[in-house]
Each structure stands twice: as C-alpha cells, then as structure tokens.
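1. A structural model of the following input is requested.
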Amino acid sequence: MSAIDKLLQLFSSRSPSNWELGLQLAQANGIALQPLAQEIKQLLALGESRPNLQQWEGASFEQLLPACQQIYALSIEEEELLELPAVIAIFQRLGILELHALGLQTLPESLGQLQALRSLGLKNNQLQQLPQSMGELKGLKTLLLPNNQLRELPESMRYMSALQTLDLAENPYLLALPSWLAELPNLKTLALDPAVFAYQLPANLAHLPARVGLRWGRLSSKFEF
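-> Okay, the predicted model is just below:
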C-alpha cells in the first residue's frame, strides 16, 4: 500500500485519532495536503449537497475533513470531471452519490471505502470498466450504469449482497453477462439493453430467479432511491 493510499485509509476513518495519525504520516513522508484540499473543494463546488462554500474557501485540509464526514448526498451532473479523485473516500457518510454525464472514464479503487453508500448513479459517462473495489460496497442497493462503454463487470460484484437494482442498459459493448448475477440474493430489478440481447436473456442467466424483474431499456428515475 502506498503512502497516499494509507493516508486516505486513515482520513476516511471517523476517528479523529486516525486523522491525527494521517497528518503525522503526511508530514513524515513530505506529502502536501493542499492538493487533496483542492480536490475536496472541487467536489463540493460541483455538488448540490454541500456546506457553505464561502465558509470553506480558504479552509485547510484539516478544517475540511470533519465537514466531508457530515455530507450524506452528493450530486454532480453535466460538468467535466473525467476522473473522480481518490479523495472521495473521505466522504464516509455518503449514502447517495450521483455522477451523471460527466465524461468519467475511470473510477478510483478508493470508491470501495464508502461503506455507507446505498445508491450510486453513474449514468451517461464513458466508463469502460469498474474498479475491483466495487465488491466492497456491501450495503449498496441501487447501481445505475446506463449509457456507458462497459466491456465487463468485475468479479468482485458477486459479493454485493444488498444490491436490489442494477441498470446496465445502453452499454453496447457489454456483450456477455456473468452467471453470478442470478446468484445475487436481493436483486429485484435488472435492466438490460434490448439492442444487445435482442429481448432474450443469455443462456447462462436462464435460471434468473422469478423475483427479479427484467426491464429492457434504462430505468426511470423512480428506481434511483
């Protein structure tokens, strides 16, 4: 684990004692925290659910840290954010994260540290793959991925036991689906692209449980929360 990864792990804790350890680690390794502070301010500026930005305009990383831990929902739409910064892991109380139409091409592995996350929306981006850390989002119930460039789903997603709603529509390069989708214990709604699968489930998903509602095309907004 790199020093910066260790820092994010400490700062994503809700324990001030771990924050202090993180500050000491940063100082010992000569890691400047101002760039992380700027990334936090960028996310707060773009998001709809945020503290008073004027209050935090000149804030240091140490001052921003407790504020990040109080934010439950963050919604960023139709901006230009090609890469989600790894510092997103510090927003430990996030229950809802919406990142729509940003041109996102990658997601950081640190995303898996958001253990409070219940709904993740990633519509209308340019994602070709998802991080392996997705499987660590044990409490995630809703995952919206329509209109991306996905080629496959990470194997780790088979451990997302709380997942209820999965939207994979409008991913023209997602030509095959893993059989473990049928094994997700709480899956209730699965949305697929009719242009790719011609309104027929792949043979390896023929045993999809009856409780799973199959939808052809992207889900409406009523399924997002």
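2. who's in contact with residue 39?
-> Taking CB atoms under 8 Å, 6 or more residues apart in numbering, we find residue 39 in contact with 85, 87. Heads up, the C-betas are built off the backbone N, CA and C, glycines and all.
3. that's a helix at it, yeah?
-> Yes - the assignment for residue 39 by DSSP: H, G, I helix; E, B strand; the rest coil puts it in a helix.
4. what about it, distance to residue 83?
-> As judged by CB to CB, to the nearest Å, residue 39 and residue 83 stand 10 Å apart.
5. Same question for residue 75.
-> 18 Å.
6. For residue 166, name its beta-bridge partners.
-> With DSSP bridges applied, residue 166 shows beta-bridge pairing to residue 143, residue 190.
7. okay, now it: neighbour count?
-> Using other CB atoms under 10 Å, residue 166 is surrounded by 23 other residues.
8. I'd assumed residue 186 was in contact with it.
-> No - when contacts are counted by CB atoms under 8 Å, residue 166 is not listed as touching residue 186 (10.7 Å).
9. quick revisit: name the residue in residue 75 and residue 83 with the higher neighbour count.
-> Between residue 75 and residue 83, counted using other CB under 10 Å, residue 75 has the larger neighbour count: 15 against 12.
10. how about that one, phi and psi?
-> Here is the backbone geometry of residue 75 (degrees, to the nearest 10): phi -130, psi 120.
11. got it, and residue 216?
-> Dihedral pair for residue 216: phi -100, psi 110, per degrees, to the nearest 10.
12. Give me the number of neighbouring residues for the residue lying closest to it once chain neighbours are set aside.
-> Among residues not flanking residue 216 along the chain, residue 194 sits closest, at 4.2 Å (CB to CB, 6 or more residues apart in numbering). Close neighbours of residue 194, defined as other CB under 10 Å, add up to 13.
13. and the next element down the chain from the lowest-mean-pLDDT helix or strand in the chain?
-> Of all helical and strand segments in the chain, the minimum by mean pLDDT, DSSP states H and E falls on helix 53-56, at a mean of 63. Toward the C-terminal end, the helix or strand that comes next after helix 53-56 (DSSP states H and E) is helix 61-68.
14. which helices and strands sit right next to that following helix?
-> helix 16-28, helix 34-46, helix 53-56 (3 or more CB pairs under 8 Å, 6 or more residues apart in numbering; DSSP states H and E).
15. at 7 Å what do you get?
-> For helix 61-68, the helices and strands in contact under the criterion 3 or more CB pairs under 7 Å, 6 or more residues apart in numbering; DSSP states H and E are helix 34-46.
16. can I get the CA coordinates of the helix it packs on in PDB?
-> C-alpha atoms of helix 34-46 as PDB (Å, rounded to 0.1, in the frame of the first residue of the first chain):
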ATOM      1  CA  GLN A  34      -3.200  21.200  -0.100                       C
ATOM      2  CA  PRO A  35      -3.800  19.300  -3.400                       C
ATOM      3  CA  LEU A  36      -6.200  17.000  -1.600                       C
ATOM      4  CA  ALA A  37      -7.900  20.000  -0.100                       C
ATOM      5  CA  GLN A  38      -8.300  21.500  -3.600                       C
ATOM      6  CA  GLU A  39      -9.900  18.200  -4.900                       C
ATOM      7  CA  ILE A  40     -12.400  18.300  -1.900                       C
ATOM      8  CA  LYS A  41     -13.300  21.900  -2.700                       C
ATOM      9  CA  GLN A  42     -13.800  21.000  -6.400                       C
ATOM     10  CA  LEU A  43     -16.200  18.200  -5.400                       C
ATOM     11  CA  LEU A  44     -18.100  20.500  -3.000                       C
ATOM     12  CA  ALA A  45     -18.300  23.200  -5.600                       C
ATOM     13  CA  LEU A  46     -19.700  20.900  -8.300                       C
END
